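**Student:** Based on what follows, work out the 3D shape:
(2 chains)
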Amino acid sequence: MIRGVIVMNDQGKPRLVKFYDYQTVEKQQELIRRIYGVLCNRAENVSNFIQADSICGPDTQLVYKTYATLYFVFIFDSSENELAMLDLMQVFVETLDKCFSNVCELDIVFNFNKYSSVQQLIWQVYTILDEIILGGQVLETSSAEVVKAVAEISKLEKASNTTMLVPKSIPGWQSR
Amino acid sequence: MLGHDASLGYIHAVKVAHNDSLSLKRTRSLAVTLLLNEDHVELLGHAKEAIRKKVVMALHQFYERSPSSDSHLVSNFWKRLCDNDPGVMGATLCPLSDLITIDAKSYKDLVISFVSILKQVAERRLPKSYDYHQMPAPFIQIKLLKILALLGSGDKQASEQMYTVVGDIMRKCDSTSNIGNAVLYECISCVSSILPNPKLLEAAADAISKFLKSDSHNLKYMGIDALGRLIKMSPEIAEQHQLAVIDCLEDPDDTLKRKTFELLYKMTKSSNVEVIVDRMIDYMVNINDNHYKTEIASRCVELAEQFAPSNQWFIQTMNKVFEHAGDLVNIKVAHNLMRLIAEGFGEDDENADSQLRSSAVESYLRIIGEPKLPSAFLQVICWVLGEYGTADGKYSASYITGKLCDVAESHSSDDTVKAYAVAALMKIYAFEIAAGRKVDMLPECQSLIEELSASHSTDLQQRAYELQAVISLDAHAIGSVMPLDASCEDIEIDKSLSFLNSFVQQSFEKGAQPYIPENERSGVLDVSSLKSQDHHEVSAHSLRFEAYELPKPVVPSRAPPVSLSPLTELVPVPEPSYPKEVRQTASVSSFSEAGPSELKLRLDGVQKKWGKPTYSSPAPSTSSSSSQKTVNGVTQSDSMGNPNSKTRNTSYDSRRSQVEISPEKQKLAASLFGGALKPEKRPSSTGHKVSKTSINSGAKAHMEKGVISASEISTEKTTPLQPPPDLLDLGEPSVTNMAPFVDPFKQLEGLLDPSQDASALDYDASKSPDFMSLYADMPTSGQTSTVANPLSNNLESFGSANGGSTVVYPTQTNKGPNLRDALEKDALVRQMGVTPSTQNPNLFRDLLG
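**Tutor:** Numbers count the residues shown, from 1 in each chain, chains lettered A, B, ... in the order given. I've put the predicted structure just below:
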């Protein structure tokens, strides 16, 4: 299964973190730090895979990819295929791209032009991720489908005004 | 839920489930995972695919949390597998694959349906929307192939059902896109885990070669990984890809390198173990990641133990591993190494064994001065030096003891190392005395012992006193206390101490009281506690030894003043077949049985004195023996105190008494008995190895290698038969000499010739790792320039002297790196144990005409 998805910038600042098995916040931060330590030491033009058993426990692997200033990292175990994960990441990025027309780090951090609040955008990004991966399993691999589902969800949200499901304030995100 | 009835929740859950709001449904998805599943079965029939899909996922989560409670879920998954919507079907695969991973047997009947699903998917029966980069539903394919691999492993019938569909997919795979390769890779791993089919294996090999030839690191990585999987099935596959594998080994990419090492680890044989392990060690030295370092070190050890071509090499390798990762490897490995040096290699060739030992001693003496050696390695060094340091007479005792003192002093914070060092000192002095030589302790050694006898560690203290006691004994006694080279002799433990029966009998006749076991004694103690307390309150302020006089002091008054060796004669040993050491044991533990009846009272006193509930702990015993010494101030009394302290322990634990005889035997025994359970692979493999060659030539070869590795650099310069180092030692001034330039190539050519005699090949084998490492250390750019510089300088001067060589030089300068690359690869390839299918005919054509 997929153990976690991390998006961080090239300074090691996490922008999106989602673990599919329970990790304490401290553990999460430590993982992110260590993963960043490995990633920033990787040369260019090397493979996108890293054996991560020293970081995330036995039988884990990392796939990472750099998009502009962002590292996208998937952590998964041996039941997933590395290349497939790489493509899944591509799907995720493509979907983000479609939803935000042209994805960049700021889109993931905040996008004041299009969205009224930071929370709403984060909500959007997490929704996209949830449409692709659920509970550590790949759910949907077609970005068109995901875009459709996300659009539907946000339409329904606007209609039923249920965005309150998201907590009003997420510390750490606002303070960047 | 939380112990309350959750039925109320069902209604809400169902209500929510029928709510129009999608986001509410998402929460429901979350909520229902916590509730029982009766309602969800109904939801599984929900009209909307997306919801069915998510419910399946929710059920999967639910299953993960309580796998035991709902076996009927499986049938639901099974039903969903036949869902109209491929998305739902795909989602169902996730939980099913989890279930199959746990228990493949009970799902064998699903093979047919999985195969047919896979077939449909591959034949593009799915709607277009499931295509991804022109691949039909690749993620479903991957999942299915993984499941099939699980189901088909070791099952002939299931495997046969899969052959066609897997073959089809492999053929159809589009290897230009990432995802296509992913599916292809999954096919390969499926092929490698089901029962082999020659056709599929061939296809897989083709796919692998495509992977390996690609420029993308990702694909190379997959290729190496796939090769590692397939190599179990058909080892010959590696031959085609030897060069690619070596390329990957030299790649700057860490991940790729590690994967390649994994592959090499899998394909290690006795013929290529040297190169592979050398490579691994080289790599190990350069990484910082402790986790991976540990792993690679333990792999090195494992390979070396399994395949070592010679004892010499094994010890060298272990030295290297210990030097660089000594603190990371299991301490058992250190014990194994010690045992190996002590026992030799299972052959009866004493000569070879002693040679091995002296070479080990030599190498350790060389290494010992280096700073920052890991503790485990120092322990090995100390033990070996103590046991065999003076055995071959090459080094004097004072030299070795000086070194040992240095070790103990420079590692003052490590008690274990100090203990090993002291034990080694004791052994060396004992051997010296036993051999009839006069011992004068080095001053630094004396001060060390004095310091240690006041150490905070009781263990060190005890060892220091024991050392002093042993030294004061006469040669005969020492001979039996510390027999030379007896570390491998078995120490038999007679737990019932039957050999003491007659002695006990004797004591009884003299009026001694029978021994009362500890558990019974506690009752007795209650009764007699008042009395004994009375008695001991008198003696509470100073150490008194009245206990000796209490019942009938015949034995103690006689026994203690006598030194150990006469007692051996005193005690009749029932079994004459015992080795010497065991007799020793008998003699010492004879005290234990002599004493118990009288000593019991004395122990009570100690118990009260120290206020401890039991008195079996060793701490009071040592302190009492030491304090006794200070009271009396005579060494003789120390030897008296020792047996007494032993006595107390032995009366409860016979093993302990054994151990107190000599501390290093205790270690040895631990390693002997600890290791005895695991059958050793080494002796058999080396035995096989040596039996192949005649003993004579085998020994000679070992010796030769030993000389080479012992003084690598010096021999490199003097021996003319060593082209590779000369060739690459370009930085050295000797390079300006013409001869090494011309010769190496001719000789290299000779080396490449398979018809070359065995000695040269052997030579090649021992040498090429250095060659490689030398090469690897040089940056590529610097390399070319170093080649070029001396060459251009010398070009004119040599031109007139040798017409042929002028032709050689320019070519070499231009093509230097390439050529060497090829040569080096070729050499390495040979080392890997695979003979190249073609002979590299073009390699030298342009060079040598």
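**Student:** Just the mean pLDDT for stretch B:444-453, thanks.
**Tutor:** Stretch B:444-453 carries an average pLDDT of 83.
**Student:** Then stretch B:104-117?
**Tutor:** Rounded mean pLDDT across stretch B:104-117 is 80.
**Student:** try stretch A:158-172
**Tutor:** For stretch A:158-172, the mean confidence score works out to 53.
**Student:** try stretch B:303-316
**Tutor:** Stretch B:303-316 comes out at a mean pLDDT of 79.
**Student:** Flag every buried residue along it.
**Tutor:** B:303-305, B:307-316 (16 or more other C-beta atoms under 10 Å in any protein chain shown). Glycine gets a C-beta too; all of them are placed from N, C-alpha and C.
**Student:** Just the endpoints, please. Distance across it?
**Tutor:** Terminal residues of stretch B:303-316 are spaced 14 Å apart (C-alpha to C-alpha, to the nearest Å).
**Student:** that older thread, columns secondary structure on top of the buried residues of stretch B:303-316, output as CSV?
**Tutor:** Listed next are the buried residues of stretch B:303-316 as CSV, based on DSSP: H, G, I helix; E, B strand; the rest coil:
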residue, secondary structure
B:303, helix
B:304, helix
B:305, helix
B:307, helix
B:308, coil
B:309, coil
B:310, coil
B:311, helix
B:312, helix
B:313, helix
B:314, helix
B:315, helix
B:316, helix
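**Student:** just those residues that are near chain A?
**Tutor:** Checked against chain A using C-beta under 8 Å from any C-beta of the partner chain, the buried residues of stretch B:303-316 give no members in range.
**Student:** Closest one of those residues to chain A?
**Tutor:** Lowest distance from chain A to the buried residues of stretch B:303-316 (C-beta to the nearest C-beta) belongs to residue B:303, with 19.6 Å.
**Student:** That closest one: what's it in contact with?
**Tutor:** With contact set as C-beta atoms under 8 Å, 6 or more residues apart in numbering or on different chains, residue B:303 has these partners: B:265, B:268, B:273, B:276, B:277, B:280.
**Student:** Scan the residues you listed and report the most crowded one.
**Tutor:** Neighbour counts for the contacts of residue B:303, by other C-beta atoms under 10 Å in any protein chain shown, peak at residue B:277, which reaches 28 neighbours.
**Student:** Show me what from the stretch 251-400 of chain B comes close to chain A.
**Tutor:** Going by C-beta under 8 Å from any C-beta, the residues of the stretch 251-400 of chain B near chain A are B:251, B:252, B:253, B:254, B:255, B:256, B:258, B:259, B:289, B:290, B:291, B:292.
**Student:** Farthest pair within these?
**Tutor:** Farthest-apart pair in these is B:251 and B:290; separation 22.8 Å (C-beta to C-beta).
**Student:** Quick one: low-confidence residue ranges for the chain.
**Tutor:** Let's take chain A. A:101-121, A:160-176 (pLDDT under 70).
**Student:** looking at chain B here, not the other one
**Tutor:** In chain B, residues with pLDDT under 70: B:1-85, B:344-350, B:393, B:483-494, B:521-849.
**Student:** how near is residue B:512 to residue A:92?
**Tutor:** Note on residue B:512: its distance to residue A:92, by C-beta to C-beta, to the nearest Å, is 86 Å.
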